[in-house]
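**Q** Sharing a model prediction with you, sequence too.
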Amino acid sequence: METKIDVLALQGAVEEYLNMIHKVGAVGIAIKRKEQLTGIDGIIIPGGESTTIGKMMRKYGFIEEVRSFAMSGKPVFGTWAGLVVLANEIDSGEEAHLSLMNMKP
C-alpha cells in the first residue's frame, strides 16, 4: 500500500512539495477541496502568506477538517507560512488559524 501525502494547494509552493513526495516513493496530490482529506496518510501546508492561507482555509471549510484530521493522529506538517497556520498563537495579534501547535511565531 502506497503512502499518500498530500499538499494543501490553496496558496504557496505546491509543485515543489509534490515533486519531493514523488521522489521518496509516496503518492502526492494537490488538495483543493476539503473532501480530498479522506483516504490520505498525511498533509503538508506549504509556505506562502499565512493570512491568505488562513482566510482561504476558512472560506473553503478546511479549518475544522484539518483539525479533525490532526486529532485523529495523522501527521500535519507546515513550512514557513504553513507553520504559522499551525500555531496556537500569532505574535502579530492575528487570530490563530488551526491552533495545533503550542508555539508563537
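**A** Ah, there it is.
**Q** what about residue 34, distance to residue 63?
**A** For residue 34, the distance to residue 63 equals 9 Å [C-beta to C-beta, to the nearest Å]. All C-beta spots, glycine's among them, are computed from the backbone N, C-alpha and C.
**Q** isn't residue 54 right next to residue 87, touching?
**A** No. Residue 54 is beyond contact range of residue 87, at 10.5 Å (criterion: C-beta atoms under 8 Å).
**Q** shared neighbours, those two?
**A** Common contact partners of residue 54 and residue 87 (C-beta atoms under 8 Å, 6 or more residues apart in numbering): residue 97.
**Q** what residue ranges in this protein score low on pLDDT?
**A** Applying pLDDT under 70 to the chain picks out no residues at all.
**Q** which residue ranges form the helices in it?
**A** In the chain, the helices defined using DSSP state H lie at 14-23, 50-59, 62-71, 81-86.
**Q** Please tabulate those helices in CSV and include distance to residue 103 as additional columns.
**A** Formatted as CSV, the helices of the chain follow (distance: least, C-beta to C-beta, whole Å):
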stretch, distance to residue 103
helix 14-23, 21
helix 50-59, 13
helix 62-71, 14
helix 81-86, 8
